[in-house]
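K.L.:
What follows is a predicted structure for the sequence shown.
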Amino acid sequence: MKELVYIILLYALTGCCSQQTSNSVLCPKLDSCLMQYIKTSTNNYRVIQLTFMEYGGTDFVMFNDRSDYDSRFIDGYFFKQGILITYYSFDYKDRSSFIDISQTQAFKDSISGYFDEAPKENGPIMMSNNDNPNPKLYQLRSPQNIIERESIMIEDVKWDVAKGENAINCKELNMAINNYINRYWHRIYVVRFSEYDNHRYVSVNGTFAYDPNMIDAYFFRNGHLVVLYDISHIPSLDYLKEKEIRSFKNSISNYRSAELYPEFMNISRPEKYEIISIEKLRRVADSNPLWLGI
């Protein structure tokens, strides 16, 4: 059975300025869900994070209590009953029928009276001790039809099975990519090449935003975005089907980029392999001390 990875970012978003709230920020049904969430929450947090996402053509939003915000994950904010409501989207999809961005404040640098939990440069990944262990997930079928879900279920979305062999010449790497896509649900899949002690390695993992400083190229595998990092470490040019990959320019339409710490980018655990030949890989076990260094 496919392992459903429904991404819960337990980091806060932000807001700033006046605490005047417009009743028209959210559509009536979603606003009602938010009011119910506020009423039933047993936590006295000052921030509620709304995270919008799309899986298999279906929209979802997650509510999460926070004590403060994380400036890496905020597009804007508003206030509701004195509570800071921040929102963030994994993509650039138009969701104006659910949230009226014109009625919100765009986040800039900080929010007076609130603490930014984002780590400082070269600092550790920080989590608040007040993370809510029970966020609420809602399926956004239409502004009038919003359903609470415990998780993103296979019957809720259209998820194309990965089975292609485009862009990559190595059969075993194609199998590794396909198996990973079919096991973990993510917005973006990362294939990263590396070299250590004269040996070549490749890893596969999932994320929600690509790193613009690491990406070299990308392709789509049965509709799923696969980005390639550090292709200078591939064994030879024959390893890739050059005509079937796209060189990265400035952006990828409808996908977000973010300069995040590597520890946070790995939403699910990477799978790592030593490249033996253009046809063969050898899995590097998680228990192998080498695993952390490649």
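P.N.:
On my side now, so go ahead. Residues are numbered from 1 along each chain as shown.
K.L.:
just the helices in the stretch 101-250 of the chain please.
P.N.:
171-183 (DSSP state H, counting those that start in this stretch).
K.L.:
can you give me the mean pLDDT across stretch 286-294?
P.N.:
Per-residue pLDDT over stretch 286-294 has a mean of 89.
K.L.:
Identify the residues contacting it?
P.N.:
Ser194, Tyr196, Tyr201, Ser203, Arg269, Lys272, Val284, Ala285 (C-beta atoms under 8 Å, 6 or more residues apart in numbering). Using the backbone N, CA and C atoms, a C-beta is placed for each residue, glycine as well.
K.L.:
So for the residue most central in space within the chain, what's the pLDDT?
P.N.:
In the chain, the centroid-proximal residue (C-alpha atoms, centre = their mean) is Phe208; its distance is 2.2 Å. Phe208 carries a pLDDT value of 85.
K.L.:
what ranges do the strands span in this protein?
P.N.:
47-55, 58-66, 76-80, 83-89, 105-106, 136-142, 145-149, 188-196, 199-207, 215-221, 224-229, 246-247, 271-275, 281-284 (DSSP state E).
K.L.:
Select, out of those strands, the one closest to Ala176.
P.N.:
strand 199-207 (5.6 Å; C-beta to C-beta).
K.L.:
List the neighbouring strands of the closest one plus their orientation.
P.N.:
If you go by DSSP bridges, strand 199-207 pairs up with strand 188-196 (antiparallel), strand 271-275 (antiparallel).
K.L.:
In JSON lines: those strands, plus distance to Ile294 and mean pLDDT.
P.N.:
As requested, these are exported to JSON lines (distance: least, C-beta to C-beta, whole Å; pLDDT from 0 to 100):
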{"stretch": "strand 188-196", "distance to Ile294": "5", "mean pLDDT": "94"}
{"stretch": "strand 271-275", "distance to Ile294": "6", "mean pLDDT": "96"}
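K.L.:
would you turn the ones you listed into a markdown table with mean neighbour count and distance to Phe248?
P.N.:
A markdown table is the format used below for the strands paired with strand 199-207 (neighbours: other C-beta atoms under 10 Å; distance: least, C-beta to C-beta, whole Å):
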| stretch | mean neighbour count | distance to Phe248 |
| --- | --- | --- |
| strand 188-196 | 20 | 13 |
| strand 271-275 | 20 | 22 |
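K.L.:
mind checking how far stretch 70-88 is from the chain centre?
P.N.:
Here the centre of stretch 70-88 is set off from its chain's centre by 18 Å, with C-alpha atoms, centre = their mean, to the nearest Å.
K.L.:
So which of the strands paired with strand 199-207 is nearest Asn178?
P.N.:
strand 188-196 (10.1 Å).
K.L.:
Contacts for the closest one next, please.
P.N.:
168, 173, 177, 180-181, 200-210, 214, 221, 224-234, 255, 265, 290, 293-294.
K.L.:
excluding its backbone neighbours, what's nearest Arg200?
P.N.:
Distances taken as C-beta to C-beta, 6 or more residues apart in numbering place Ile275 nearest to Arg200, at 4.2 Å, with adjacent residues excluded.
K.L.:
Quick check: bridge partners of that neighbour?
P.N.:
With DSSP bridges as the rule, Ile275 is bridged to Leu281.
K.L.:
try Glu271
P.N.:
Assigned bridge partners for Glu271, using DSSP bridges, are Val204.
K.L.:
quick one: it and Tyr218, what's the gap?
P.N.:
Between Glu271 and Tyr218 the computed distance is 19 Å (C-beta to C-beta, to the nearest Å).
K.L.:
if we can go back for a sec, my guess is the residue nearest to the centre of the chain meets Phe90, correct?
P.N.:
Yes: under the criterion of C-beta atoms under 8 Å, Phe208 makes contact with Phe90 at 5.0 Å.
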